[in-house]
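1. Structure for this input, please:
(one chain, ligands or ions: 7)
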Amino acid sequence: MLWLVKLSLQLLDPFWDAGYKGIDFRTQSSLKVGSVLKSDCQTPTATAPSSKLPDYFDTTLGWYAGPTATGPSPWLAQTNAAPFVGVSYIPNTPLETQAPIPGNKHGYNIFERLGHMSPYFPNPRGFGVHEYPVPPGANVTWLNMIHRHGSRYPEVTGNELRLAQKLTDAKGKYQAHGALSFLNDWRNVLGAEILVPVGKQQLFDSGTLHYYQYGHLYPNDGSKIIARTTTQRRMLESAEYFMAGFFGLGWTQNATLELVIESKGFNNTLAGYKGCNRTSWDIGGKTSREWAETYLQDAHQRIRGNITGGLDWTLSDTYSAQTLCAYETVAVGFSHWCNLFTYEEWEAFEYSLDIAFAAGTGFLSPIGRAIGIGYVSEVLARMQHHVLSSPTALINTTLDNNTVTFPTQQALNLDFSHDSNIISILVAFGLTQFAEYLPPTRILPEREFVMAYIEPFAGRLDIEVIQAPAPINPSRSVAVHELYEDGPPTSYVHFVLNQRTVPLGKSLKECGNRDDGWCEMTAFLEVQKVQVEKADFEWACFGDYEMPEYGTVSDGRPPSKE
Ligand SMILES: *[C@@H]1O[C@H](CO)[C@@H](O)[C@H](O)[C@H]1NC(C)=O
Ligand SMILES: *[C@@H]1O[C@H](CO)[C@@H](O)[C@H](O)[C@H]1NC(C)=O
Ligand SMILES: *[C@@H]1O[C@H](CO)[C@@H](O)[C@H](O)[C@H]1NC(C)=O
Ligand SMILES: *[C@@H]1O[C@H](CO)[C@@H](O)[C@H](O)[C@H]1NC(C)=O
Ligand SMILES: *[C@@H]1O[C@H](CO)[C@@H](O)[C@H](O)[C@H]1NC(C)=O
Ligand SMILES: *[C@@H]1O[C@H](CO)[C@@H](O)[C@H](O)[C@H]1NC(C)=O
Ligand SMILES: *[C@@H]1O[C@H](CO)[C@@H](O)[C@H](O)[C@H]1NC(C)=O
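-> Ligands and ions are numbered 1, 2, ... in the order given. Okay, here's the model as predicted:
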C-alpha cells in the first residue's frame with residue numbers, strides 16, 4: 001500500500017495545536033478534512049479590548065480561542081451497553097469503563113493504555129524511586145506547576161473526525177454485523193477541541209488536590225497571585241476549573257489569570273511548537289504507522305469481515321476506531337468501539353502513541369529540547385528571582401521582562417500547557433531517563449516512555465523547592481536522628497510527575513544517587529545552565545538541516561552544524 005508522507009501540518013494549518021494529529025494514513029483520495037466542523041470553527045478575531053484591563057489579563061475577550069465546537073448532550077442510558085453478561089453491576093464513575101475486553105486476563109484497565117488520550121490517573125508504577133516524606137523541620141517553600149488541560153474532544157484535524165464524517169456520509173449504504181452491529185445506529189457525538197465534562201472534573205479535582213498539598217504557599221497577606229495559561233478555550237477553562245478547585249468559586253479574589261496568545265507568529269512558552277519552524281511529527285507519524293500496519297492486521301480483518309455493502313473500510317479507519325473509543329468514552333460516557341479490540345491490541349495502540357510522541361517532541365526528535373527550553377529558562381529565572389530580558393527561544397519579553405506579568409517573588413507558580421509541550425520541557429530539563437529508543441517492530445515492554453504515565457489528559461509536573469535546616473542524608477533508610485548531616489541549611493529540588501517522584505540523579509549525574517530522587521538546588525541550577533546551551537534553539541528551529549531518520553536522534557537535538 002502507498003501511504004503518503006504527512007505534510008507538515010504545522011505550516012499549513014491555522015488551527016495547528018498540540019502537534020500530534022494521530023497517525024495520518026491519508027492517501028491521495030483523501031476525505032474532506034473536518035468538514036463537519038468547519039462552520040463551528042472560530043477564526044481568531046482581533047476584537048478590541050473591552051475594558052481597561054490589559055489584554056493579557058482580560059479573560060472575556062475570547063480571542064485566539066481556537067475551534068470550539070461542542071457535541072450533542074449525552075444520554076448515557078441510550079448508548080451504554082452495561083451491565084455486561086457475567087459482570088455484576090458496576091456503577092459508572094462517571095465514565096462507563098467495565099466493557100469486557102477480550103484477552104484481558106488480569107483485570108487491567110484499557111483506559112490507562114490510551115497514551116495522551118488516557119483520562120488522568122496517577123502513574124501506578126512510579127519512575128524508579130520510592131516517595132519519601134519531607135523530614136521534620138524541612139518545608140516545601142516554592143512550587144512551579146505546569147499542568148496539561150483536561151480531557152477534550154478531538155482536534156479538528158484529527159483522523160477520528162475524518163472517520164466520523166465518512167461513516168455519516170455512508171449512512172444507509174452499508175450493513176454491519178456481529179459485534180459491529182452498533183454501527184447501524186451510530187451517529188457522531190463529537191465536538192472539537194474544547195473540554196468534555198470529565199475534563200472539567202479532572203482540573204477541579206487537581207485544584208483541590210493541589211490546595212491540600214500547597215495551600216500554605218498562597219500568600220497569607222491575601223494578595224493575588226498571577227497564574228498563566230493561553231488564549232485557547234480549553235486552556236482558559238482548564239485554568240478556571242483548577243482555580244475553582246484550589247480556592248473555591250471566589251477564586252478571582254485570589255488569582256489573576258494571564259492569557260498568553262496561542263497562535264502562529266506569537267511567542268508562547270506554553271505552546272512552544274507554534275514558534276518553531278521545524279517539525280518532526282511526520283517522522284513520528286510514519287514510524288508509528290509502520291507499527292500500526294503490523295499490529296492491526298487481525299483487528300482490521302475482523303472489522304472488514306463484519307461490514308457488507310458500500311463502505312470501503314481501510315486500515316487507517318481501524319486505527320481511528322481505536323481513537324474513537326478514547327474520544328467517545330470521555331464525550332458521552334461510553335463507547336462501543338472499545339471492546340472490538342483485544343487487550344493486546346490496546347497495548348500495541350499505546351505503543352504507537354509512545355513512538356509518535358517520542359519522535360514528535362521527545363528525545364527522539366531533533367527539536368525536542370528546543371521547544372521546551374524557553375519554559376525551562378522561565379522556571380530557572382523564577383527560582384533565582386529575576387525577570388527575563390533577552391528575547392530568546394519563544395519567550396515573550398513584553399510579559400517576562402516585567403514583574404507585573406512575570407512575578408519573581410511568588411512561591412506558588414501555576415501554569416497550563418499542552419501534552420507535547422510538557423514532553424519537550426522534560427527533554428529540555430535533560431531527563432534522559434525518558435530517552436530510550438523505541439523499536440517500531442516490537443513493543444519494548446519495560447520502557448520508561450509511556451505517554452499515559454507521563455502526559456495523560458490533565459497530567460501535571462510539580463517542581464518543588466524544599467528547604468532544610470541542614471543537608472539531608474541521601475540514604476533515607478537511616479534512623480530519624482541520622483536524617484540530617486552536619487552542614488549549613490540546604491535547599492533541594494523535587495520533581496513530581498503525576499504524583500510520582502522523577503529521580504533527578506538518574507538523568508543528571510551531578511544530582512547524585514539519592515534514595516529520594518531530590519537534587520541539591522545549587523547542583524540543579526549548575527547542571528541546567530548546560531541544558532540551555534544544549535538545546536541550541538536557533539539552529540534546531542530555524543537551521544537548514546536535513547530531517548534525520550527515525551532512530552538517529554537520541555538526545556533531542558539536531559545534527560550539529562558541521
Ligand atoms: C513553610 O513555608 C511556608 C512558605 O514559605 C511558610 O509560610 C511556613 O510558615 C513554613 N512552615 C514551617 C513549618 O516552616
Ligand atoms: C481568597 O481571597 C479572599 C479575599 O482576600 C480570602 O478571604 C480567602 O481566604 C482566600 N482564599 C483562600 C483559599 O486563601
Ligand atoms: C507578547 O505579548 C503581548 C501581550 O499579550 C502581545 O501584545 C504581543 O503581541 C506578544 N508578542 C509576541 C511576539 O508574541
Ligand atoms: C465478525 O465479528 C466477530 C466478533 O463479533 C468475529 O468473531 C468474526 O470473526 C467477524 N466475522 C468476520 C467474517 O470477520
Ligand atoms: C527589559 O526591561 C528593562 C527595564 O525596564 C529595559 O531597560 C530593557 O530594555 C528591557 N529589555 C527588553 C528586551 O525589553
Ligand atoms: C519572540 O521570539 C523571537 C525568537 O526567540 C525573538 O527574536 C523576539 O524578540 C521575541 N519577541 C518578544 C516580544 O519577546
Ligand atoms: C521556515 O521554513 C521554510 C520552509 O522550510 C523556509 O522557507 C523559511 O525560510 C523558514 N523561515 C525561517 C524564519 O527560518
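
2. separation between the residue of the chain found nearest ligand 6 and residue 404?
-> Nearest residue of the chain to ligand 6, counting by CB to the nearest ligand atom: residue 391, 3.1 Å away. In short, each C-beta sits where N, CA and C put it, glycine included. From residue 391 across to residue 404, the span is 18 Å (CB to CB, to the nearest Å).

3. Residue of the stretch 251-400 of the chain nearest ligand 1, please.
-> Per CB to the nearest ligand atom, residue 385 is where the stretch 251-400 of the chain lies closest to ligand 1, at 13.8 Å.

4. List the residues that contact that residue.
-> Contacts for residue 385 (CB atoms under 8 Å, 6 or more residues apart in numbering) come out as 408-409.

5. got a pLDDT number for the spatially most central residue of the chain?
-> In the chain, the centroid-proximal residue (CA atoms, centre = their mean) is residue 419; its distance is 2.1 Å. Per-residue confidence (pLDDT) for residue 419: 96.

6. That one reaches residue 148, doesn't it?
-> Yes. Taking CB atoms under 8 Å as the definition, residue 419 is a contact partner of residue 148 at 5.5 Å.

7. Overlap in contacts, those two.
-> The contact sets of residue 419 and residue 148 overlap at 455, 459 (CB under 8 Å, 6+ apart).

8. which residue ranges form the helices in the stretch 151-300 of the chain?
-> 159-169, 197-214, 233-247, 281-295, 297-305 (DSSP state H, counting those that start in this stretch).

9. is stretch 338-346 anywhere near ligand 4?
-> No. Using CB under 6 Å from any ligand atom, stretch 338-346 never reaches ligand 4; the gap is at least 7.9 Å.

10. Distance check, residue 406 against residue 528.
-> To residue 528, residue 406 is 18 Å away according to CB to CB.

11. again, but for residue 230
-> As judged by CB to CB, residue 230 and residue 528 stand 24 Å apart.

12. Give the residue from those two that has the larger number of neighbours.
-> residue 230 (30 against 21; other CB atoms under 10 Å).

13. which ones are touching that one?
-> When contacts are counted by CB under 8 Å, 6+ apart, residue 230 touches 64, 236, 259-262, 268, 270-271, 416-417.

14. Which of these ranks first by neighbour count?
-> Busiest of these [other CB under 10 Å] is residue 417, holding 32 neighbours.

15. I'd say that residue and residue 146 touch.
-> Yes. Residue 417 lies in contact with residue 146 (CB under 8 Å); the separation is 5.4 Å.

16. what residues are shared contacts of the two?
-> Taking CB under 8 Å, 6+ apart as the criterion, residue 417 and residue 146 both touch 270, 375, 425.

17. Now for residue 460, how many residues are close by?
-> Residues near residue 460, counting by other CB under 10 Å: 26.

18. I'd say it and residue 148 touch.
-> Yes. Between residue 460 and residue 148 there is a contact at 6.7 Å, judged by CB under 8 Å.

19. neighbours around the residue of the chain found nearest ligand 4, how many?
-> Among the residues of the chain, residue 305 lies closest to ligand 4, at 2.1 Å counting by CB to the nearest ligand atom. Counted with other CB under 10 Å, the neighbours of residue 305 add up to 12.

20. where along the stretch 51-200 of the chain do the strands fall?
-> Assigned by DSSP state E, counting those that start in this stretch, the strands in the stretch 51-200 of the chain fall at 139-148, 174-176.
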